[in-house]
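Student: sequence? don't have it. structure:
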């Protein structure tokens, strides 16, 4: 089975530009997560969806960040306008949520550099 | 809010030696999970512990969940160069589907 698929794998963009990261979760999974990883802050949960509905977006840093999940097989994380401090690895992950103890499967990440 | 803390944050381990990494929560957890992230890679699920005092083994790795379900440990014996990476613990509060990750324990293996 294909794992979580993210694109682009690497992106370098100039400050002020819009960045869109894409994710295809594992088929059959009902929860999707966006994480950001930096050396300073570690792995941070930005937002998660359950059955395509945003459940917890308290980790979204500010209004420049937005996430959508229009259907069960696709999600986007958008940064507009981007800033150098947004440089990080952004991981999308999915799981099948039933009760507690949902194992999370991570994509390979999108490495974002904002210059 | 819930915090999951890991100590130490960094470890240098001589190849062939044993080491342990610890995970502590300020509140009782319904479960604890461990993930491993290789340099340049993504976190990969290793194991989940659910029961108080539970111990599970995977070859040279031994995972333990504390009796109070507030702490966990990962012990690796006879460290190999393939053990290099960052080990994350993550836990759920009861009734909360949000998985809280620790900041990880970055392990460097010295040949």
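Tutor: Great, that's in hand. Owing to the predicted nature of the structure, the values given are computational and were not obtained by experimental measurement.
Student: make it CA atoms for all contacts and neighbour counts henceforth
Tutor: Fine.
Student: What strand or helix carries the residue nearest to the spatial centre of chain A?
Tutor: For chain A, the residue nearest the mean C-alpha position is residue A:34 (2.9 Å; Cα atoms, centre = their mean). According to DSSP states H and E, residue A:34 maps onto strand A:31-38.
Student: just for the chain, where's the confidence low?
Tutor: All of this is about chain A. Applying pLDDT under 70 to chain A picks out residues A:1, A:99-101.
Student: Sorry, I should have been clearer: chain B.
Tutor: In chain B (pLDDT under 70), the answer is B:1-2, B:94-97.
Student: Show me which residues of it sit near chain A.
Tutor: Within chain B, the positions near chain A by Cα under 8 Å from any Cα of the partner chain are B:30-33, B:41-45, B:48, B:50, B:92, B:94-97, B:101-104.
Student: try 7 Å
Tutor: B:31, B:41, B:42, B:43, B:44, B:97, B:101, B:103 (Cα under 7 Å from any Cα of the partner chain).
Student: still on that earlier bit, can you list contacts of the strand holding residue A:34?
Tutor: A:25, A:43-51, A:88-97 (Cα atoms under 7 Å, 6 or more residues apart in numbering or on different chains).
Student: State the next helix or strand along the chain beyond it.
Tutor: Assigned by DSSP H and E, the successor of strand A:31-38 is strand A:42-50.
Student: Neighbouring strands - and their directions - for the helix or strand following that following strand?
Tutor: Past strand A:42-50, further along toward the C-terminus, the next helix or strand under DSSP H and E is strand A:53-56. Note on strand A:53-56: by DSSP bridges, its sheet partners are strand A:42-50 (antiparallel).
Student: Tell me what angle the strand it pairs with forms with strand A:31-38.
Tutor: Put simply, strand A:42-50 runs at 160 degrees to strand A:31-38, going by axes from the mean of the first three to the mean of the last three Cα atoms, to 10 degrees.
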